[in-house]
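Engineer: With the input below, show me the fold.
(one chain, ligands or ions: 1)
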Amino acid sequence: MFKASHVCGLVLVIFLLALGAQAFAGHGAEKPTKKGILLVAFGTTVPEARAALDNIDTKAKARFPGLEVRWAYSSRIVRQKLAGQGLQFDSPAMALARMMDDGFTHVAVQSLQTIPGEEFHGLQKTVAAFSGLPKGMDRVTLGLPLLAEPADVEACAKAVMASLPPDRKKNEAVILMGHGTHHPANIYYPGLQYSLSRLDPLVLVGTVEGTPSLDDVRTALKARKVKKAWLQPLMAVSGDHAMNDMAGEEDDSWKSVLTADGVACEPVLRGTADIPAFVDIWLDHLQAAVERLN
Ligand code: CO
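Structural biologist: As a prediction, the model looks like this:
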């Protein structure tokens, strides 16, 4: 004998079959969700410096299991030099186009820049261009660089303090060499200096191309009668700037200039991408970008 519940069940099965058939019919087909991560660095031509980026790669894969992690270098000059050595790296636009073609529906892009300057704003435009393209990806989000929100400045100052050279004595200075820029985002360097001064007055920030300058650092060292300084890059990798402008043997390197001032220098060739406390800040920003994919 037929029971009412059986009839209802049968109707439901037919209804679901009809729905299924519709979903698989040609143009109506829904593409499956595929989420991924794109890490974007300026790039480096120094082979040893790439280990710092490999470190971020390993940490990102461990923190976001199940999400494919891809890379792009934003510097055309770096990509061209590497291509000459047989190493192919995509630009952010090329990497996103490839991910689009490979069926990714949601991509979190993470900037491995230090400040939201020109490089970051360029990346922001690229990411915007890939959002909402016909037959493209459903959503592309962008994670902020190391120093972006006010809390990042405090977190970065703490990361500096947590990664001071182990042999540094209290009366020795630690000088962080940032890149610096003409872009308004240069303000993060004096901002970080402000936070650091409250934690340790002998931890100084200088930049290659912006403010504070090397001369600002020299003035501070003289005023505090510093005899020894540790030099370390405030850049993701210890690349060309760190090896030449900071620790190089030429007369105008920071090491040479400060040594001539009577300050003994001890360079530490380690990029921030190699230091856990800094990597954590970048990965927290990536976490926020991954969460915004939903
Ligand atoms: Co530069």
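
Engineer: export stretch 98-116 as PDB, just CAs?
Structural biologist: What follows is stretch 98-116, C-alpha atoms only, in PDB (Å, rounded to 0.1, in the frame of the first residue of the first chain):
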ATOM      1  CA  ARG A  98      47.100  32.500 -15.600                       C
ATOM      2  CA  MET A  99      45.100  31.900 -12.500                       C
ATOM      3  CA  MET A 100      42.000  33.100 -14.300                       C
ATOM      4  CA  ASP A 101      42.700  30.700 -17.100                       C
ATOM      5  CA  ASP A 102      43.400  27.800 -14.700                       C
ATOM      6  CA  GLY A 103      39.900  28.100 -13.300                       C
ATOM      7  CA  PHE A 104      40.500  30.000 -10.000                       C
ATOM      8  CA  THR A 105      37.300  31.700  -8.900                       C
ATOM      9  CA  HIS A 106      38.700  33.400  -5.700                       C
ATOM     10  CA  VAL A 107      42.200  34.800  -5.300                       C
ATOM     11  CA  ALA A 108      43.800  36.500  -2.300                       C
ATOM     12  CA  VAL A 109      46.700  38.600  -3.500                       C
ATOM     13  CA  GLN A 110      49.300  39.500  -0.800                       C
ATOM     14  CA  SER A 111      51.700  42.400  -1.100                       C
ATOM     15  CA  LEU A 112      55.100  41.700   0.400                       C
ATOM     16  CA  GLN A 113      56.000  45.400   0.200                       C
ATOM     17  CA  THR A 114      57.000  47.200   3.400                       C
ATOM     18  CA  ILE A 115      54.900  50.300   3.000                       C
ATOM     19  CA  PRO A 116      51.800  51.200   0.800                       C
END
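
Engineer: Can you point out the buried residues in the helix or strand hosting A159?
Structural biologist: Per DSSP states H and E, A159 falls inside helix 150-162. By neighbour count on 16 or more other C-beta atoms under 10 Å, the buried set for helix 150-162 is D152, V153, A155, C156, A157, A159, V160. The C-beta positions use only the backbone N, C-alpha and C, and glycine is treated the same way.

Engineer: who does the helix or strand that it is followed by touch, helix- and strand-wise?
Structural biologist: Downstream of helix 150-162, the first helix or strand assigned by DSSP H and E is strand 173-178. When contacts are defined as 3 or more C-beta pairs under 8 Å, 6 or more residues apart in numbering; DSSP states H and E, strand 173-178 sits against helix 188-199, strand 203-207, strand 228-233, helix 254-260.

Engineer: Check the offset of strand 173-178 from the chain's centre.
Structural biologist: On the basis of C-alpha atoms, centre = their mean, to the nearest Å, strand 173-178 is displaced by 20 Å from the centre of the chain it belongs to.

Engineer: same check, this time on stretch 238-248
Structural biologist: With C-alpha atoms, centre = their mean, you get 19 Å for stretch 238-248.

Engineer: got a list of contacts for it?
Structural biologist: 44-46, 48-49, 52, 177, 179, 208, 231, 233, 235, 250, 253-256, 265, 267, 269-271, 274 (C-beta atoms under 8 Å, 6 or more residues apart in numbering).

Engineer: ChimeraX command for the buried members of those residues?
Structural biologist: This is how ChimeraX selects the buried members of the contacts of stretch 238-248, with burial counted by 16+ other C-beta under 10 Å:
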select :44,45,46,49,52,177,179,208,231,233,235,253,254,255,265,267,269,270,271,274
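
Engineer: coming back round to it: of all the helices and strands packed on strand 173-178, which lies closest to R218?
Structural biologist: Closest approach to R218 among the helices and strands packed on strand 173-178 (C-beta to C-beta): helix 254-260, 7.0 Å.

Engineer: Let me know the average pLDDT across that closest one.
Structural biologist: Average pLDDT, helix 254-260: 98.

Engineer: What sits closest to the spatially most central residue of the chain if chain neighbours are left out?
Structural biologist: Nearest to the mean C-alpha position of the chain, by C-alpha atoms, centre = their mean, lies L112 at 1.3 Å. Counting by C-beta to C-beta, 6 or more residues apart in numbering, A41 is the residue found nearest to L112 once chain neighbours are left out, at 4.3 Å.

Engineer: A51 now?
Structural biologist: D274 (7.0 Å).

Engineer: for this protein, what are the low-confidence residue spans?
Structural biologist: Along the chain, segments meeting pLDDT under 70 span 1-29.

Engineer: Break it down into its structural domains.
Structural biologist: 4-20+31-147+276-291, 164-271 (automatic domain parsing).
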